[in-house]
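Chemist: Sequence below, structure please.
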Amino acid sequence: MQFEEFSEKLSLLETTESRLKIRDYTFDLFSSLDPEERRFTTYLLQSRIFPAYQNKELNIGQSIIIQAISKSFGQSIKEIEQKHMSLGDLGQTAEYFSNIRMQKSLFSKKISLKEVYDTLKKLVEMQGKSSTDNKIGLLTSLFNNSSAKETKYITKIILKSLRLNLGVQTIIEACALKVMKDQGYNLHDENMQEYKKIKEIIDIKQSISNDLGLVVSLVFNFGIDALDAVKMIPGIPIKSALGEREKSPEAIIERLGYCMVEGKYDGFRTQLHKLENKINMYSRRGEDSTNYFPEFVPLLQKIKHDFILDCEAIGYDVKSKKFLSFQETIKRKRKYDIKEVSEKIPIKLMVFDILYLDGKETMNLPLEERRKLVEKLIAEINCENIQTTIAIKTDKPRELKSFFDKCLELSLEGIMAKDLKKSYVPGSRDFGWIKLKKNYLEGQADSFDVCIVGYFNGQGKNNNLPSSLLCAVYDEEHNVYNVIAKVGSGLTEEQMNFFKLEFENIKTSKPENVNTDLKADEYVEPKYVIEIICDEITKSPLYKFTKGYSFRFPRFIKIRDDKSSQDTTTVEEIEEMYYLQHKNQTPIR
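Modeler: As a prediction, this is how the structure comes out:
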């Protein structure tokens, strides 16, 4: 496919609001591609070049794009910045100056979708002192061979500012539509259960492989049976299963009945992978964190089994025999002096699930059976710093509450109750797992993960320090960050100074994928996720992009280094918690 045709299809997606039409247009796009184009085109639709777990990003900021526009189209940096300020979109700015250029001369040749992708791959791989100049040169050449609309979408892909209303689930739905058509089904009501079942199969496979491009290419090139070849492989992180919330022990038992109740540890969610002598540890966001915990590698290499374990890595105070706070545990995540810090802050791996054992996937086994496998394996490992989570089984609210209190005494966050009959579903969040934390019982809202997109400077002694943070939650379907709160309380002077230094490297004009009517003193690229707490969830006309939801008296708790900018609490979760506050109300869907 020529990139010109791809740009037209992106324009169509960008201007369509109906989710069903977006699904159908996405199906048409994948159907019109050559087989070898489908995998990498899926990455481009997500503003990626590689699957997410490889953690290879373009990391090209607006300044490099502006310099490439200047060189390509003969405009001054100042003129480009002024036009960008006027249009509020660097993709449109690039298109504008390309049109001026196009009136003077024709671009030399048409470029293919594959040529653009290969060029972007080269940009990712450029490293070293001269990499900035080389990136500008490569982009300049690409822009010189692109039409105005192509230049616009190349820019948007690089800056992750495509507004296609196209998330992972819509791409999965396009794949499911392909399967339905292959099997001779239409999408009338009588076939919707089959459609839902197909979507679930595809969703699980993309969560296991962590590679949506692979799944799309298999479905469109070979059909759904080809997904049978997608298996768990130790060394490739799997999307984690997540839990819902409830407001009391009684509500949990009402939902689950007889269940397993585990302590909830406030550390790093960690996947532990072993294949022969190769040991890998992955964070919740799929980053390889093995180097932060070197003490476990030689120990685990001696174990004869291959496995994938789900666990929590948390600091432990040997003297007090209590677990450390997240703020203390996070100090283990550093590149230097790792051995010294590992001695000061010993880590325990608290294992609660097993997804793979000796060549077989175990995630489809009921939790009760998986727990037995975990306990047997941990007993064989026989290490005091690798343990199973503490747990009980009960169907009595009073016993659950007693265990909850015990967990708080051990400095845990609370508890996680789990359905004993349920399989492990990667990437899902449902009531098979239910968490309960202290603030729920006290009538407070949960803590929330939000992404910083801007800040406001303080006054007096905090002048020129970011004393209030503009925070947003990520909307995957629309690839935007919707501002939900200003957070100032809870920040120490030390933390404000830390953010001031960090923000210097990521300051920008208002990001094109940030929705807000509030005007910050400065904007930053979405990078840092922080955890906040509040007195309650409220509704305010200031925050129309989050359905009006915001927080009363939000307070900063900590930076969540283990989470990506897109790994925030969702508006849907906040809505559920809002109605939990009001107990007898249910959200209107």
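Chemist: those strands in the stretch 301-450 of the chain, which residues are they?
Modeler: Assigned by DSSP state E, counting those that start in this stretch, the stretch 301-450 of the chain shows strands spanning 307-317, 322-323, 347-357, 360-361, 386-388, 391-394, 414-418, 429-437, 448-457.
Chemist: What of the stretch 451-589 of the chain?
Modeler: Under the criterion DSSP E, counting those that start in this stretch, strands of the stretch 451-589 of the chain are mapped to 466-475, 480-487, 507-508, 514-515, 522-524, 529-533, 536-539, 549-552, 555-559.
Chemist: For I77, which of those is the nearest?
Modeler: Closest of those to I77 is strand 507-508, at 15.1 Å (criterion: C-beta to C-beta). All C-beta spots, glycine's among them, are computed from the backbone N, C-alpha and C.
Chemist: Partner strands of that closest one, with direction?
Modeler: Sheet neighbours of strand 507-508, with direction, are listed as strand 522-524 (antiparallel) (DSSP bridges).
Chemist: what's the average pLDDT for the strand it pairs with?
Modeler: Throughout strand 522-524, pLDDT has a mean value of 92.
Chemist: which other residues reach it?
Modeler: For strand 522-524, contacts defined as C-beta atoms under 8 Å, 6 or more residues apart in numbering pick out 452-455, 457, 466, 470, 503, 506-511, 514.
Chemist: The strands of the stretch 451-589 of the chain into a markdown table, with extra columns for mean neighbour count and distance to K321?
Modeler: Below are the strands of the stretch 451-589 of the chain laid out as a markdown table (neighbours: other C-beta atoms under 10 Å; distance: least, C-beta to C-beta, whole Å):
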| stretch | mean neighbour count | distance to K321 |
| --- | --- | --- |
| strand 466-475 | 25 | 36 |
| strand 480-487 | 24 | 34 |
| strand 507-508 | 16 | 45 |
| strand 514-515 | 20 | 45 |
| strand 522-524 | 21 | 41 |
| strand 529-533 | 21 | 26 |
| strand 536-539 | 16 | 36 |
| strand 549-552 | 19 | 36 |
| strand 555-559 | 18 | 23 |
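Chemist: how about T394, what does it touch?
Modeler: 253, 258-259, 261, 400, 403.
Chemist: follow-up on the earlier one: for the contacts of strand 522-524, which one is nearest E384?
Modeler: Compare each of the contacts of strand 522-524 with E384 using C-beta to C-beta and the shortest gap goes to I452, at 38.5 Å.
Chemist: What residues does that closest one make contact with?
Modeler: Counting by C-beta under 8 Å, 6+ apart, I452 touches 469-471, 499, 524, 526-530.
Chemist: Next, work out how far apart it and I69 are.
Modeler: Noted for I452: a distance of 28 Å to I69, by C-beta to C-beta, to the nearest Å.
Chemist: now do Y292
Modeler: For Y292 relative to I69 (C-beta to C-beta), the value is 40 Å.
Chemist: List of residues touching stretch 526-534?
Modeler: Contact partners of stretch 526-534, identified using C-beta under 8 Å, 6+ apart, comprise 439, 444-453, 469, 471-472, 474, 481, 485, 487, 490, 499, 502, 506, 511, 513-514, 551-560, 563-565, 567-568.
Chemist: Drop anything exposed from the contacts of T394.
Modeler: Restricting those to buried positions leaves 253, 259, 261, 400, 403, with burial counted as 16 or more other C-beta atoms under 10 Å.
Chemist: any chance of the residues you listed in a markdown table, with pLDDT and distance to K322 too?
Modeler: Shown next, in a markdown table, are these (pLDDT from 0 to 100; distance: C-beta to C-beta, whole Å):
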| residue | pLDDT | distance to K322 |
| --- | --- | --- |
| I253 | 97 | 28 |
| C259 | 98 | 26 |
| V261 | 98 | 20 |
| L400 | 97 | 22 |
| F403 | 97 | 17 |
